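Enquirer: Give me a model of this one.
(chains A and B)
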Amino acid sequence: MAFSGTLTLTDLNDFITPAQACIKPVEQTKPQTAEKEPGTASTEILIDASGTYYEVSSDLSTSSRALADVPAKKLEQAQISLNDCLACSGCITSAESVLITLQSHTEVFTFLQANGSPSSPDYKIPVISIAPQSLASLAASLSSSSTTSVTPHQVLRRLQVLCKEVLGFEHVFDTTFARHIVLKEHVAEFEERRANDKAGGEADSHLPMLASACPGWICYAEKAHAEMLPFISRTKSPQQVMGTLVKEWMGKKWDKSPNDIYHVSVMPCYDKKLEASRQDFYNDVYSTRDVDCVITTGELELMMREKGRDLSIPIIGELDFDRSTNTFLGLPVLLQHPGTSSGSYLHAIINHIRDTSPTPLILSIKAIRNADYEEYTLTEESDQREPKTIFKGAKCYGFRNLQNIVRKVGRERGLRVGTGAAGKLGARVAGRRLKKTGVEVKKERQYDYVEVMACPGGCVNGGGQLKPVATTTIPKDRDEEGFERNWENTGVVDDTQSGKWGDKEWTKKVEEAYWRDAGPPLYSLPTPPESPPLSPTLDGVSRLPERKTGISMTSADELMFRIFDELSVPGDDDTVKHRAQLFRTQYRAVESEVIGLAVKW
Amino acid sequence: MDIDLPYTLLPLADLPAHEERAWHVAWNPAKPLLASCSADKSVRLYTYADDGAGSLKFSAVTTIPTGHSKTVRAVAWAPSGNTLATASFDSNIGIWEQEPDEGDDGEGGEKGDWECVSTLEGHETECKSVAYSCTGTLLASCSRDKTVWIWEVHPDADFECMSVLMEHTQDVKCVAWHPTEEILASASYDDTIKLYVDDPSDDWFAFTTLTGHTSTVWSVAWAPWGSYLVSGSDDKSVRVWKRMAEHKWVGVLVLAGHERSVYSVAWGKGRGRKGEEEGRYLGWIASTGGDGSVRVWELNKKAHRGALIAHMPSAHGVHDVNTVTWCPREGYEDLLATTGDDGSTRVWKVVPTS
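Expert: Residues are numbered from 1 along each chain as shown, chains lettered A, B, ... in the order given. Next up is the predicted model:
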């Protein structure tokens, strides 16, 4: 079964696309057949109605004969698994163009059907974890076809009911508590790197630290920019921390081993399927993955439609906050971390630095090119003309901005970017240039942290999100003034009417939906502003809203520390090491082996 | 039969050959310099000067062993004539400048070596073409990875990626900038040509796709006055496209005659006269390709006529000719340079048939 495509990449303009060369070798197992005399007739390939290929002896394959009458050998089809994709650099990322059998919504259906009843010995507890960006996408979609605006929280409530009643999941979570742990770990890792950097650069002291939650970026860096890997945070993504929570911690609570739980995650992103398939997230002892199957927002919606269920129908009491239904094992629901809709990684670090600073700090934000590339600087509050810079970070979304970050970091840190022989050429000149200018130009503060995401607009605009709800557009055979035109006759294909701008508008709506509900009072932070918070003011300087530590954050922190305790191995005092085992991962460069032999220049 | 044509290609120079096939040649727009590149990974520079007897003398200046690990497929000069860009099959773009002479203050003395001041990486696979915009502030490159990249040129050989355009469904063969406006054209193995502009509030985007060629479009070039575009294709034809409105381009003419793939087209001001007084003269188009011949056509606005005015069969002997290009410098409008699979670069003057 091929991937259930809910979106075609042609609508988008700044995504990483699949490459031309897939080098997955087609393995041939040599059949044990009787040697034929050289020169005798060999075989032919026949295809039956279902598209299956058969090899038949050519002297038998006459058209008059039915296929069934002929001794035919069924041929195997080449299969590409996600692990092949991860090991090959033929594609930068594979997204939907690769056939994925283990990570599709049909796989989820197949599993749930085969799972049987809870009393059966092979029964696995089905758990589903939903990303907040997926909820936002559904909320935006439902809102645009309804008169009232639907919040992500309402969507979660409806999904909790439907996933349990219709699909048969036992537990439905969102991934924001996992993200809460990730943000804590992320901040801890940043502090480690900063301390090491100050101490004189040991291993892992690499700054700037680059965000690690985006699997598209990770894949790209591993395949095209190995020199960036030491800079990428080793903290796991929320999806994978959720995997650890479900399989390790909840498993313990339920007295189940990891392979007795089937964990599905719903993500705004196709590349999360690749992430879940990484060897690092495979438990060899129990032969199971932390996340067994990843489906996209679009696939979840498709599953509901295939089951004839409508997410637009409200659930009774969905607006009330019922603590008992949502706080299974005390897990907080829809924690909002102020900052960006892609996970607030940068803001978690900014907030941490402000909170721990002995002196008040001022945050200024500068848009570099557009909203997808912004610089955030923390300076000491002072009367001096040039106050001391404490921290400089950036958020950087989209493939193009990502290129510039790679170039900038490479240049600032004196790395040889890229792999080509030409890469070494520039260095000699750069050295002399520096010498020639004599006085060193006043150095610009280098980045300490960059929140990198491969999609323009970030995760709310992920490739797995729902398509914009169709609005009326000008028919293609008319021009802007409404006159009939036949462009093709004049050899012209007008591309300006594609959904390009619609996408941007749509992303804005999903972004709005993401921040729509601050959640019920008990679990909310101070209500975030309507649109993305911290949008720069005209003079390019703005301040974070005053922060108070909400009750939810305190209780989330408490739960987090309790989980650390409960997961720690008795007798093992090295909690730092143990936390790293649970919540950190690693990256490795993938060498390109693509040879362009069959290429027409 | 060619005796009837009004112009003839007079060979002016046969420049020392590369060790392997020569892919591309580019005239420096500001100085008497010519750069060729080759599968031997080097770039060769040639100069030319009046020999005192009224004709031009060409000579080799230097060879840059680029350091690219694979074929150098294309070269492009910045409008200033001070910077050279190389596009290589090693997937990189190299930016080259001449080292200022250290012992001398540059006046009169010999200038230093050409050195790589920057490399642009990002393409996944073979780069096929590179081009500077008319103001020299933008650089475009394209690759077998189907993408077209636009870079902003910053001071100190620094570049910023402005856009990665993934409009083509196949290998992109050629990029070319409009002579006065910031419009980019790209030609592809997907048989189409795409035109791009910047949306100031957003990103670069393809505002139109020109279809008509039935096979790979190998080459695309703008008319010197900007309101026309010419393309050469594997379907053996040369097509001319006209700007009807700001963002509307339509095919107006097909020039047939090549017996094999057309690999390269160029549009120069030329020295034609017909219809000039009525403003109908549109300059000269040169085309070349797999049949080894160079053809020159005079373009006329009236009914969009293109007349073959010169034809040079076997311009590089039995070899394919990979590039043809007009000298952009004033006073040299009748000069053509070609490179071929024989590794050599040849210079031709289009002269009236005597």
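Enquirer: what secondary structure does residue A:207 sit in?
Expert: coil (DSSP: H, G, I helix; E, B strand; the rest coil).
Enquirer: Need the nearest residue in space to it, chain neighbours excluded.
Expert: Distances taken as Cβ to Cβ, 6 or more residues apart in numbering or on different chains put residue A:197 closest to residue A:207, at 5.0 Å, once the chain neighbours are dropped. Bear in mind the C-beta positions are built from the backbone N, C-alpha and C, glycine included.
Enquirer: helix or strand for the one you found, which one?
Expert: Residue A:197 is located in helix A:176-199, with elements delineated by DSSP states H and E.
Enquirer: Please pull up the helix or strand immediately following that helix.
Expert: Going down the chain from helix A:176-199, the next helix or strand is strand A:209-210, by DSSP H and E.
Enquirer: which secondary structure elements does that next one contact?
Expert: Applying 3 or more Cβ pairs under 8 Å, 6 or more residues apart in numbering or on different chains; DSSP states H and E, one finds that strand A:209-210 contacts helix A:176-199, strand A:449-453.
Enquirer: rerun at 10 Å
Expert: In terms of contacts (3 or more Cβ pairs under 10 Å, 6 or more residues apart in numbering or on different chains; DSSP states H and E), strand A:209-210 is packed against helix A:176-199, helix A:215-224, helix A:345-356, helix A:399-412, strand A:449-453.
Enquirer: Give me the contacts around it.
Expert: Residues from elsewhere that reach strand A:209-210 (Cβ atoms under 10 Å, 6 or more residues apart in numbering or on different chains): A:186, A:189-190, A:192-194, A:197, A:217-218, A:221, A:228-235, A:345, A:349, A:393, A:396, A:402, A:405-406, A:409, A:447-452.
Enquirer: any idea of the mean pLDDT for that strand?
Expert: Averaged across strand A:209-210, the pLDDT comes to 94.
Enquirer: again with stretch A:380-396
Expert: When pLDDT is averaged over stretch A:380-396, the result is 87.
Enquirer: Just the terminal-to-terminal distance for it.
Expert: 24 Å (Cα to Cα, to the nearest Å).
Enquirer: just stretch B:329-348 next, same as before
Expert: One end of stretch B:329-348 sits 15 Å from the other (Cα to Cα).
Enquirer: and what of stretch B:77-96?
Expert: End to end - Cα to Cα - stretch B:77-96 spans 10 Å.
Enquirer: before we move on, what about stretch A:272-285?
Expert: End-to-end distance of stretch A:272-285 (Cα to Cα): 23 Å.
Enquirer: Ok, stretch B:182-192 next?
Expert: 20 Å.
Enquirer: Can you tell me the SS state at residue B:232?
Expert: strand.
Enquirer: need the contact list for it.
Expert: Here residue B:232 is in contact with B:173-174, B:187, B:213, B:216-221, B:238-239, B:255, B:258, B:261-266, B:285-289, B:324 (criterion: Cβ under 10 Å, 6+ apart).
Enquirer: Could you list which of the residues you listed belong to strands?
Expert: Of the contacts of residue B:232, the ones assigned to strands by DSSP state E are B:173-174, B:187, B:217-221, B:238-239, B:255, B:262-266, B:285-289, B:324.
Enquirer: near chain A, from those residues?
Expert: If you filter the ones in strands among the contacts of residue B:232 for contact with chain A, counting by Cβ under 10 Å from any Cβ of the partner chain, you are left with B:173, B:239.
Enquirer: The nearest residue to residue A:260 once chain neighbours are set aside: how many residues sit nearby?
Expert: The shortest distance from residue A:260 to any non-neighbouring residue, by Cβ to Cβ, 6+ apart, is to residue A:124 (5.4 Å). Residue A:124 has 21 neighbouring residues, counting by other Cβ atoms under 10 Å in any protein chain shown.
Enquirer: Tell me the confidence at residue A:124?
Expert: Looking at residue A:124, its pLDDT reads 92.
Enquirer: Provide a list of residues in contact with the closest residue in space to residue B:210 that isn't next to it in sequence.
Expert: Spatial nearest neighbour of residue B:210, chain neighbours left out: residue B:193 (4.1 Å); criterion: Cβ to Cβ, 6+ apart. Applying Cβ under 10 Å, 6+ apart to residue B:193 gives the contacts A:491, B:168, B:174, B:176, B:185-187, B:206, B:208-213, B:217, B:220, B:229, B:231, B:233, B:239, B:241, B:249, B:251.
Enquirer: From these, keep the buried residues only.
Expert: Among those, those buried by neighbour count (16 or more other Cβ atoms under 10 Å in any protein chain shown) are A:491, B:168, B:174, B:176, B:185-187, B:206, B:208-213, B:217, B:220, B:229, B:231, B:233, B:239, B:241, B:249, B:251.
Enquirer: what's the burial count for residue 115?
Expert: In the absence of a named chain, this looks at chain A. Per other Cβ under 10 Å, the neighbour tally for residue A:115 reads 16.
Enquirer: think we crossed wires, I meant chain B
Expert: Counted with other Cβ under 10 Å, the neighbours of residue B:115 add up to 18.
Enquirer: Would you mind measuring from it to chain A?
Expert: 6 Å (Cβ to the nearest Cβ, to the nearest Å).
Enquirer: Let me know the secondary structure of that residue.
Expert: Going by three-state DSSP: residue B:115 is strand.
Enquirer: Just confirm it contacts residue B:97, I think it does.
Expert: Yes - the criterion here is Cβ atoms under 10 Å, and residue B:115 meets it with residue B:97 at 6.7 Å.
Enquirer: Tell me the spacing between residue A:118 and chain B.
Expert: In terms of Cβ to the nearest Cβ, residue A:118 sits 48 Å off from chain B.
Enquirer: Distance from the chain centre to stretch B:203-221, please.
Expert: 16 Å (Cα atoms, centre = their mean, to the nearest Å).
Enquirer: Let's see the distance spanning that stretch from one end to the other.
Expert: So stretch B:203-221: terminal residues 24 Å apart, Cα to Cα.
Enquirer: Just the buried positions in the helix or strand where residue A:305 lies, please.
Expert: Using DSSP H and E, residue A:305 sits in helix A:297-306. Neighbour-count burial for helix A:297-306, counted by 16+ other Cβ under 10 Å, picks out A:297, A:298, A:299, A:300, A:301, A:302, A:303, A:304.
Enquirer: How many neighbouring residues does residue B:6 have?
Expert: Residues lying near residue B:6 (other Cβ under 10 Å) number 14.
Enquirer: can you tell me which residues contact residue A:445?
Expert: Contacts of residue A:445 by Cβ under 10 Å, 6+ apart are A:375, A:377, A:379, A:388, A:389, A:390, A:391, A:392, A:412.
Enquirer: What subset of those is buried?
Expert: Neighbour-count burial (16+ other Cβ under 10 Å) applied to the contacts of residue A:445 gives A:375, A:377, A:379, A:390, A:391, A:392.
Enquirer: and the fifth one, that's in a strand?
Expert: Yes - read with three-state DSSP, residue A:391 is one of the residues of a strand.
Enquirer: Could you find the closest non-adjacent residue to it?
Expert: Residue A:391 sits nearest to residue A:378 (Cβ to Cβ, 6+ apart), 4.1 Å away.
Enquirer: So the one you found sits against residue A:362, correct?
Expert: Yes - applying Cβ under 10 Å as the test, residue A:378 and residue A:362 come out as touching, 7.1 Å apart.
Enquirer: who has more neighbours, these two?
Expert: Legend: neighbour count by other Cβ under 10 Å for residue A:378 and residue A:362, higher for residue A:378 (22 against 17).
Enquirer: quick one: that one and residue A:231, what's the gap?
Expert: 20 Å (Cβ to Cβ, to the nearest Å).
Enquirer: And for residue A:174?
Expert: Distance, residue A:174 to residue A:231, using Cβ to Cβ: 30 Å.
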